[in-house]
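A.B. asks: pasting the sequence and the predicted model now:
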Amino acid sequence: MCSLLANGDVAAERAQAARKELAELNRQIRNLAKRCKRAEGKAFERRPAKLSRTSSARRRCPASSRKCMMVYVLAGCSSPVAVDFALGRGWRRRRPCAKEGGGDAEVKNKLTSEIESAFASLPLSGLVALDLDPVAHFELCDLLCAHKYIMEHRLHEWISTLNCCQGVAPSRAQVVAELPGCISLHAPAEIRERLCRCVQGTARKQRRWLARFRKRWQIGYRMLKVQDQLPFEEKRQKARFVLLGFVKKDQLPHFFHNRFASGRIVNHLLSEWSVGGAFLGSWNGALTGLNVM
C-alpha cells in the first residue's frame, strides 16, 4: 500500500513538472513568434518599393472581397471608406510607392465603380444576415476587422476636422473619450466591447495604442502651421467688423481715448481698411483731438 502511494506521488510530481515544462516551452514559442513578426515588419519597412506602371500602392484586398463589402455596408454604403480600405490606408503593412500613371483620382474612381458593382451583385440574404444576426453568419475576425477599420477611419476624420476647421489638436484623453462614439451602431455587443477595450486601462496602454494608431494613419506630433487661406479683401472686411462691430456708439469716445490715443491708428483705419471719415465721424465727439487726415 505504501509503495502504491509512493508511486502515485512520483507520478503527480512528474505530471506537474511536465506541465511546467510545457508552459515554459509555450512561452518561449510565443516570444520567438513575436520576435519573428517584429523582424518581418522591420524588414518589410526597409524594403524598397518597386516602381511599376501597372501596379499602384499595395492593395489590402480586392474590391469585391468579403471584408471590403462588409466595410462598405457597415459604413452606410460609403464608397470613400471602402476605397480607403481596399487601398490599404491605415494598414500597418501598407507599402509606400509611386502613384499610378493616371493619378489618385483615376484609381479611386475605378475602385469606386468596382465596389459599387460588387455590391449590386450581392445576394439580398447576405445583406439581411449582416444586418440582423452578423455573428451567426459571418466570421468574428472579419466582423472585428471591418468594425475596427470603420472606427479608426472615423476617428482619423474627427482629428482631421479638428486640425483643419478649428486649428487644434486633441489630447490623449479627448481621443479616448471620442473613440466609443466612432464605433458603428451596427456593431454587436461583443465587437463593441473588444474595440472599447483597446483604450481601457492605464495611461501607458492608451499611449501605446495611440502611437500605433498615429503610425498607421500617418499622424504626427507637429505644430499647426498658420497659413493665409482668405483673400486680402475678405480679411480686411472681417478685421474691420471685429474691431468696430463690438464697439457701441456711446462707448466709442472712451474706447478711442484709452486704447487708441494716437492718431496713427485712425490713419491706418482710413488707409488700410478703407474706413471712411464720414463713417468714423458719425459719432459726435468720437474723434476729438485725433489727427484724422
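C.D. replies: Good, I have the coordinates. Numbering: from 1, shown residues only.
A.B. asks: count of residues packed around Phe119?
C.D. replies: Each residue near Phe119 was counted by other C-beta atoms under 10 Å, and the total is 18. From N, CA and C alone the C-beta is placed, and that goes for glycine too.
A.B. asks: would you mind measuring from it to Ala75?
C.D. replies: 12 Å (C-beta to C-beta, to the nearest Å).
A.B. asks: tell me which residues are up against the host helix or strand of Val107.
C.D. replies: Using DSSP states H and E, Val107 falls within helix 103-120. The contact list for helix 103-120, computed with C-beta atoms under 8 Å, 6 or more residues apart in numbering, reads 56, 63-64, 68-69, 72-73, 77, 79, 82-83, 86-87, 99-100.
A.B. asks: extract the C-alpha set from it and format it as PDB.
C.D. replies: Only the C-alpha atoms of helix 103-120 are listed here, as PDB (Å, rounded to 0.1, in the frame of the first residue of the first chain):
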ATOM      1  CA  GLY A 103      -3.100  59.600 -60.600                       C
ATOM      2  CA  ASP A 104      -5.000  59.000 -57.400                       C
ATOM      3  CA  ALA A 105      -8.300  60.300 -58.800                       C
ATOM      4  CA  GLU A 106      -8.400  57.700 -61.600                       C
ATOM      5  CA  VAL A 107      -7.500  54.900 -59.200                       C
ATOM      6  CA  LYS A 108     -10.200  55.900 -56.700                       C
ATOM      7  CA  ASN A 109     -12.800  56.300 -59.400                       C
ATOM      8  CA  LYS A 110     -12.000  52.800 -60.800                       C
ATOM      9  CA  LEU A 111     -12.200  51.300 -57.300                       C
ATOM     10  CA  THR A 112     -15.400  53.000 -56.500                       C
ATOM     11  CA  SER A 113     -17.100  51.600 -59.600                       C
ATOM     12  CA  GLU A 114     -15.700  48.100 -58.800                       C
ATOM     13  CA  ILE A 115     -17.000  48.300 -55.200                       C
ATOM     14  CA  GLU A 116     -20.500  49.500 -56.300                       C
ATOM     15  CA  SER A 117     -20.700  46.900 -59.000                       C
ATOM     16  CA  ALA A 118     -19.800  44.200 -56.500                       C
ATOM     17  CA  PHE A 119     -22.300  45.500 -54.000                       C
ATOM     18  CA  ALA A 120     -25.000  45.400 -56.700                       C
END
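A.B. asks: what angle do the helix or strand following it and helix 103-120 make?
C.D. replies: The first helix or strand that comes after helix 103-120 along the chain, using DSSP H and E, is helix 124-132. Interaxial angle, helix 124-132 versus helix 103-120 (axes from the mean of the first three to the mean of the last three C-alpha atoms, to 10 degrees): 100 degrees.
A.B. asks: residues touching Leu140, list them.
C.D. replies: 190-191.
A.B. asks: next one: phi and psi at it?
C.D. replies: Per-residue torsions, Leu140: phi -70, psi -30 (degrees, to the nearest 10).
A.B. asks: between the contacts of helix 103-120, which is nearest Arg208?
C.D. replies: Proximity of the contacts of helix 103-120 to Arg208 (C-beta to C-beta) peaks at Leu87, which lies at 26.3 Å.
A.B. asks: circling back: select from the contacts of helix 103-120 the one having the most neighbours.
C.D. replies: Top of the contacts of helix 103-120 by neighbour number is Ala82, holding 30 neighbours under the definition other C-beta under 10 Å.
A.B. asks: what sits against that residue?
C.D. replies: Counting by C-beta under 8 Å, 6+ apart, Ala82 has contacts 63, 68-69, 71-72, 75, 111, 115.
A.B. asks: avg pLDDT for the one helix or strand Glu193 maps to?
C.D. replies: Taking DSSP H and E as the definition, Glu193 sits inside helix 189-196. Averaged over helix 189-196, pLDDT sits at 94.
A.B. asks: can you list contacts of it?
C.D. replies: Against helix 189-196 from outside (C-beta under 8 Å, 6+ apart): 135, 140, 143-144, 147-148, 151, 179-180, 183, 187.
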